[in-house]
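S.K.: structure for the following, please:
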Amino acid sequence: MRTSYLVCYDICDDKRLRKVFQAMRNYGDHLQFSIFECQLTPRDLVRCRADLSTIINHAEDQVLFVDLGPAEGRGDRVITALGKPYVSLDAPCIVV
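M.R.: Take a look at the predicted model:
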């Protein structure tokens, strides 16, 4: 079963940024700047996170995985981060 994700990244170095962009092209559709929409199986998600983990600087960069629920429908939003930790904001997050 595939799950839809928004993968958003903030990479501090241009060389790493290009590498992350190239890696993400293998997993989903480029929406804008540093945002991809991906429909991933659990195995694809592990592989994507592993690929990105070897590219980013975990102390400087951040990759967010926003779980949008099953590819066939919508579910609860769950945000996880790779690199710098995600900090929840008090205001609701709206993705347009």
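S.K.: which helix is the longest one in this protein?
M.R.: helix 42-55 (DSSP state H).
S.K.: buried residues, that one. List them.
M.R.: Judged by neighbour count using 16 or more other C-beta atoms under 10 Å, the buried positions of helix 42-55 are Asp44, Leu45, Cys48, Leu52, Ile55. Backbone N, C-alpha and C define where each C-beta goes, glycine included.
S.K.: one more: stretch 6-25?
M.R.: So for stretch 6-25, counting by 16+ other C-beta under 10 Å, buried means Leu6, Val7, Cys8, Tyr9, Ile11, Arg16, Leu17, Lys19, Val20, Ala23, Met24.
S.K.: just the ones of the residues you listed in helices?
M.R.: Per DSSP H, the subset of these in helices is Arg16, Leu17, Lys19, Val20, Ala23, Met24.
S.K.: right, I'll call it a day here.
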